[in-house]
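In: test case, fold it:
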Amino acid sequence: MRIRLLQALALLATGLLAGAFGYGAANLVPTFNAVPLNMRLSFHAELMKMNGITMQAAMAVSTLSSLALALATLTRGRARLIAGAAGLLTLASFLITRLGNVPINGRIKEWALTSAPADHAEILRRWELFNNLRTLTALTAFALLITLALQGPGTDRKQPPRTARGRAGGAGGGLSGSRRDRVLERRKNEQSP
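Out: Residues are numbered from 1 along each chain as shown. Alright, predicted model coming up:
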C-alpha cells in the first residue's frame, strides 16, 4: 500500500512538473517571442517570482518521491531502474533550471529595470534551449512513471525457483497460455509409447 501511495505521489508531482514545463514551452515561450522585448522582460521577471517557489517544490517532490520509489524494498529489477531513471531525470530538470535558467532569469530581471544588452537575443535563445531540455527531461520522467504504473503491482516480482527439470513452480509454471499448452503437449507425446 505504501509503495502505491509513493508511486501516486511521484506520478502526481512529476506530471505537474512536466505539465508546467510543457505549457511554458508550448505557450509562454512563443508568446514571449511575439510581444515587444520590454513587455517580455517585464512579464518574464514577474513570472519568475511566482515560479521560484512552486516549480522548485514540484521538482523536489518529484525527485525525492521517484528516488524513494526506486529504493523501496518492494521495488526490484526493471521497476527499480525505471523509478530511478525518472528520479535522475527530474534531478536533471532541477540542475538545468538552477545552473542554466536561473542565472539568465537574474539577468532578465536587471534588463527589465534598465535595458537589454546588444547580445540579448543570443542569451534568450540559450534560456529557451535550457527550457526545452528541462521540459524534455521532465516529460521523459513522467512517461517512465506512467510506464511503471501501467505495469501494475506484482509484475516485477521474482519468479518462483526453477526445479531440477527447469520448470518454474509446477507444470509449465511461468509460461504464457499457448506456449504452456505446446510444452505440455510435447511432454505428453514424449511420455506416450
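In: in stretch 12-19, which residues are buried?
Out: Neighbour-count burial for stretch 12-19, with 16 or more other C-beta atoms under 10 Å as criterion, is recorded at 13-18. From N, CA and C alone the C-beta is placed, and that goes for glycine too.
In: quick one: the helices in this structure?
Out: 2-23, 29-34, 37-71, 77-96, 102-113, 120-151, 177-191 (DSSP state H).
In: helices or strands next to the first one in the packing?
Out: Based on contacts counted as 3 or more C-beta pairs under 8 Å, 6 or more residues apart in numbering; DSSP states H and E, the elements that helix 2-23 packs against are helix 37-71, helix 77-96, helix 120-151.
In: send me the shortest one as PDB with only the CA atoms.
Out: Provided in PDB are the C-alpha atoms of helix 77-96 (Å, rounded to 0.1, in the frame of the first residue of the first chain):
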ATOM      1  CA  GLY A  77      14.700  -5.100 -11.200                       C
ATOM      2  CA  ARG A  78      13.200  -3.200 -14.000                       C
ATOM      3  CA  ALA A  79      10.700  -1.300 -11.800                       C
ATOM      4  CA  ARG A  80      13.600   0.000  -9.700                       C
ATOM      5  CA  LEU A  81      15.500   1.000 -12.800                       C
ATOM      6  CA  ILE A  82      12.500   2.900 -14.200                       C
ATOM      7  CA  ALA A  83      11.800   4.700 -11.000                       C
ATOM      8  CA  GLY A  84      15.500   5.500 -10.500                       C
ATOM      9  CA  ALA A  85      15.800   6.900 -14.100                       C
ATOM     10  CA  ALA A  86      12.700   9.000 -13.500                       C
ATOM     11  CA  GLY A  87      14.200  10.400 -10.300                       C
ATOM     12  CA  LEU A  88      17.500  11.200 -12.100                       C
ATOM     13  CA  LEU A  89      15.700  12.900 -14.900                       C
ATOM     14  CA  THR A  90      13.800  15.100 -12.600                       C
ATOM     15  CA  LEU A  91      17.000  15.900 -10.800                       C
ATOM     16  CA  ALA A  92      18.400  16.800 -14.200                       C
ATOM     17  CA  SER A  93      15.500  19.200 -14.700                       C
ATOM     18  CA  PHE A  94      16.300  20.800 -11.400                       C
ATOM     19  CA  LEU A  95      20.000  21.100 -12.200                       C
ATOM     20  CA  ILE A  96      19.300  22.500 -15.700                       C
END
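In: appreciated, that's everything.
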